[in-house]
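K.L.:
the sequence and its predicted three-dimensional model are supplied below.
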Amino acid sequence: MSLTQADLHGALAERGALLQGHFRLSSGRHSDRFVQKFRILEDPVLLERVARELADRFRSLEPTIVVGAAVGGILLAYEVARQLGTKAIFVEKVNGVPVLRRGFTLRPDDRALLVEDVLTTGQSMRETIDVVRATGASIVGLGVIVSRADPVTLSVSKGDRIGNTVALLDLPLQSYDEAECPQCRAGEPLTDPGSRRA
Ligand SMILES: [Zn+2]
């Protein structure tokens, strides 16, 4: 049984993953909504369903390995790979630079499926793409649980389009520069829920 956008939205709402308030996103921009991805990642039953849906969408492209970005992507890549019967590896940062460590390797004939839990600015996904490309491996697709990006961002990097991008749930982002944020202007207290820190 496939997982529809409505199913996923309902599951996230039920688990308190769709927060409303005044948030500083990892990009530094402000938004009145935030998706707490760990409400998905902490729940193996939901994560298994989500990962199966992503795996099903990409199986025909015959990925040979699944690549995520630490920390959330470790869990997601593992479960998608388990469904596909491939390995799962992850990109992590050393002194702010995204790299493959722990003896993880990609071969030039690998067909990598890249996965991300919540895509907002696409920065983390672009970094993962660069790391994978540098190994000579090809990228067969990008699988995302929740996209808060506009379609331009979802094409991930200009002049570097990857055709097979799947987002299971689209929740387009409305965000503001701090200087233009209406909630700042109204004096609402700011929450800083993001996980990425420079
Ligand atoms: Zn603000």
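P.N.:
Nice, I can see it.
K.L.:
show residues contacting stretch 115-122.
P.N.:
Residues from elsewhere that reach stretch 115-122 (Cβ atoms under 8 Å, 6 or more residues apart in numbering): 25-27, 35, 37, 40-41, 54, 66-69, 72-73, 76-77, 80, 124-125, 128, 142-149, 153-154, 156-157, 167, 173. Every C-beta, even on glycine, is put in place using the N, C-alpha and C of the backbone.
K.L.:
got it, and stretch 184-194?
P.N.:
L19, G21, H22, F23, R24, L25, S26, H30, F34, Q36, E178, Q183.
K.L.:
out of those, which are inside helices?
P.N.:
Q183 (DSSP state H).
K.L.:
among the contacts of stretch 184-194, which has the minimum pLDDT value?
P.N.:
Minimum pLDDT across these is recorded for S26, with 78.
K.L.:
thought L46 was touching G10?
P.N.:
No: counting by Cβ atoms under 8 Å, L46 does not reach G10; the two are 11.0 Å apart.
K.L.:
got a pLDDT number for the closest residue in space to D43 that isn't next to it in sequence?
P.N.:
Spatially, and ignoring its direct neighbours in sequence, D43 is nearest to R15 (6.8 Å; Cβ to Cβ, 6 or more residues apart in numbering). What the model reports as pLDDT for R15 is 94.
K.L.:
again, but for A167
P.N.:
91.
K.L.:
any idea how far the residue at minimal distance from the centre of the chain lies from the ion?
P.N.:
The chain has E116 as the residue nearest its centroid, 2.4 Å off, counting by Cα atoms, centre = their mean. In this view, E116 and the ion are 25 Å apart by Cβ to the ion, to the nearest Å.
K.L.:
could you point out which element follows the helix or strand where V45 lies?
P.N.:
If you go by DSSP states H and E, V45 is part of helix 44-58. Counting by DSSP H and E, the element after helix 44-58 in chain order, helix or strand, is strand 65-69.
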